[in-house]
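[1] let me see the structure of the following:
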Amino acid sequence: MRVMLLIIACTGILSGCVSAAYIHTPNDVNKMKSIVYMADGTVKKGVLTVNFESYSSRVDIPQKNEISFVAEGDTTIQQLSITSIKSYLVDGKIYEPKIIDLYFTGQGHYLFVRRMTEEKAKMQLYELYQSYKSNDTGEETSYYFISFPSFSSYEVAQISSNKLVPGFEYKMSAYVADCPELSKKIQSKEKAYYYSFTSLRYKQIEVIQRIVKEYNDCR
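    Model (predicted):
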């Protein structure tokens, strides 16, 4: 019996030493099977690890902006710069790197966000889901961003940032000026197409989702 208990205990210890594969957030990924689409057009298949919720991925510290990758059929750990990656696919979802200034301090961080629209959509909608590791409150939360073809590669506008509010009716209508009917609804501050800085988050998200859909359907 003692031998059996010892074996069970040792097995438990050893299994605890082998870290499980998981994706908690797009920036907290451990040994997940993935497809990585590189900026140079090549494609890598293998196992991906991202730790950007555990340490800073500041734009001004490039050596911190690497992720670990092990290619299929290999055991060598590669360190991939986030700027060399166009996107990665895990569990059927696409994640792209963007420069995020979450707290409006002027300090940008490279972070992966989930693309919620088609790749060729005129107006892109992204979600940044964060866990307790990356904030002081211990809460899980999501932030939302948009981008347009006129934006630079890593540029996004947070939906509650000064790129959109205050003056949402002017700023957003200008972004979608090539879709006159939609632009007019926004300028007129129609209830379903307008929010202010003080609007509840769910209201902002509803309005943005509606505008994104209509703009991408606009011909």
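
[2] in three-state terms, label residue 80 for me.
    Following DSSP: H, G, I helix; E, B strand; the rest coil, residue 80 is assigned to strand.

[3] that one and residue 169, how far apart?
    Counting by CB to CB, to the nearest Å, the separation of residue 80 from residue 169 is 42 Å. Any C-beta I mention is one placed from the backbone N, CA and C, and that applies to glycine too.

[4] likewise residue 140?
    Residue 140 sits 32 Å away from residue 169, going by CB to CB.

[5] neighbour count for the two, which is higher?
    Neighbour count, other CB atoms under 10 Å: between residue 140 and residue 169, residue 169 has more, with 20 against 14.

[6] what does the average pLDDT come to for the helix or strand hosting the more buried one?
    Element membership for residue 169 (DSSP states H and E) is helix 168-175. For helix 168-175, the mean per-residue pLDDT is 97.

[7] after the lowest-mean-pLDDT helix or strand in the chain comes which helix or strand?
    Using mean pLDDT, DSSP states H and E, the weakest-scoring helix or strand in the chain turns out to be helix 2-17, at a mean of 46. Per DSSP H and E, the first helix or strand lying C-terminal to helix 2-17 is strand 22-25.

[8] direction included, what does that next one pair up with?
    Here strand 22-25 has these sheet partners by DSSP bridges: strand 28-38 (antiparallel).

[9] how about the partner strand: buried residues?
    For strand 28-38, the neighbour count (16 or more other CB atoms under 10 Å) marks 28, 29, 30, 31, 32, 34, 36, 37 as buried.
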